[in-house]
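**Q** Have a look at this prediction, sequence included:
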Amino acid sequence: MASIKFLGHSCFLIDDGKNNRILIDPFLSGNPLAGASPKDLNPTLILLTHGHGDHLGDAIEISKRTGVEIMGVFELVNYCISKGAKGHPAHMGGKIPYDFGWVKLVPAFHSSSAPDGTFTGNPVGFVINFHGHHIYHAGDTGIFGDMELISRLHGVDTALLPIGGTFTMDIPEAVEAVRMLQCKTVIPMHYNTFPPIEADAEEFKEKVESGSDTKVVILESGESYNIPEHIKAHS
Ligand code: NI
Ligand code: MN
């Protein structure tokens, strides 16, 4: 069964239980709420939304140990390659095919630099077609109207949205984002890791579910959401 495992902050492992394990934004070392140790992860693909330390995290080390490619924006991936990682540079508009389907790079309203200050291009979000189930990882972003376009073009089943504020959308913006995305399920992320991004996920759940048919799934770090077979509707 395919699942989406939350590993804390914005890190997720999307796993089909077979040959595909997509690791997104693996900020584990130094994360007080990390749901796994980087040495225990064996992904088949690493996706990075941007270069900030709480997203780049352990990606380079995991790529070097496993030989797995990091896919993301040109400047960020070339930075990772310069540090010894394997990489697949791409950019917004690109739809990269994989065994499980494809990954599309979509805009995010934020910035992107590595912890050493190197410019790492534009930040992005990803729409992942995982065996027909469309997952939108928004990355770090404020709200923007083209989330509606992302939904119209790609159809989003499950959205992973930041709710912590300060650096990203807060709860009221994320509630509005859900209205635009019209997704079936939303999993909140990027909150409670540090004091400036404290947010009440239960409040988010209550606000989304009282005004729409979207279900909010709150995951503790280390918990998984099993992708229901019956909502694998896309191709
Ligand atoms: Ni950031
Ligand atoms: Mn962040």
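**A** Arrived safely. Numbering: from 1, shown residues only. Ligands and ions are numbered 1, 2, ... in the order given.
**Q** only C-alpha atoms for contact and neighbour calcs from this point on.
**A** OK.
**Q** For F144, give me its contacts.
**A** Counting by Cα atoms under 8 Å, 6 or more residues apart in numbering, F144 makes contact with 109, 177.
**Q** For K39, which residues are in contact?
**A** With Cα under 8 Å, 6+ apart, K39 has these contacts: I62.
**Q** quick one: it from E203, how far?
**A** Per Cα to Cα, to the nearest Å, K39 is found 35 Å from E203.
**Q** Report the central residue of this protein.
**A** Nearest to the mean C-alpha position of the chain, by Cα atoms, centre = their mean, lies H137 at 3.5 Å.
**Q** What strand or helix carries the residue lying farthest from the centre of the chain?
**A** Relative to the centre of the chain, the most outlying C-alpha is that of S210, 25.1 Å out, by Cα atoms, centre = their mean. Using DSSP states H and E, S210 sits in helix 201-211.
**Q** Name the surrounding residues that touch that helix.
**A** Counting by Cα under 8 Å, 6+ apart, 163, 171-172, 175, 178, 188, 214-218 sit against helix 201-211.
**Q** How far does that helix sit from its chain's centre?
**A** How far helix 201-211 lies from its chain's middle: 21 Å, per Cα atoms, centre = their mean, to the nearest Å.
**Q** Give the rounded mean pLDDT of it.
**A** Helix 201-211 comes out with an average pLDDT of 97.
**Q** going on from that helix, what's the next piece of helix or strand?
**A** As assigned by DSSP H and E, the chain's next helix or strand after helix 201-211 is strand 215-216.
**Q** what's that following strand in contact with?
**A** Residues from elsewhere that reach strand 215-216 (Cα under 8 Å, 6+ apart): 184-188, 205, 208-209.
**Q** After it, heading C-terminal, what element do we hit next?
**A** Assigned by DSSP H and E, the successor of strand 215-216 is strand 224-226.
**Q** Check the offset of stretch 105-125 from the chain's centre.
**A** 14 Å.
**Q** If you could redo that for stretch 84-93, that was the one I meant.
**A** 16 Å.
**Q** Then stretch 117-135?
**A** Per Cα atoms, centre = their mean, the displacement of stretch 117-135 from the mean C-alpha position of its chain is 7 Å.
**Q** swap in stretch 32-52?
**A** For stretch 32-52, the separation from the chain centroid amounts to 11 Å (computed by Cα atoms, centre = their mean).
**Q** what's the answer for stretch 8-23, then?
**A** Taking Cα atoms, centre = their mean, one finds stretch 8-23 lying 10 Å from the centre of the chain it belongs to.
**Q** quick one, helices of this protein?
**A** Secondary structure of the chain (DSSP state H): helices at 53-56, 59-66, 74-82, 147-154, 171-181, 201-211.
**Q** Columns distance to G101 on top of those helices, output as CSV?
**A** Formatted as CSV, the helices of the chain follow (distance: least, Cα to Cα, whole Å):
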stretch, distance to G101
helix 53-56, 24
helix 59-66, 21
helix 74-82, 21
helix 147-154, 13
helix 171-181, 21
helix 201-211, 29
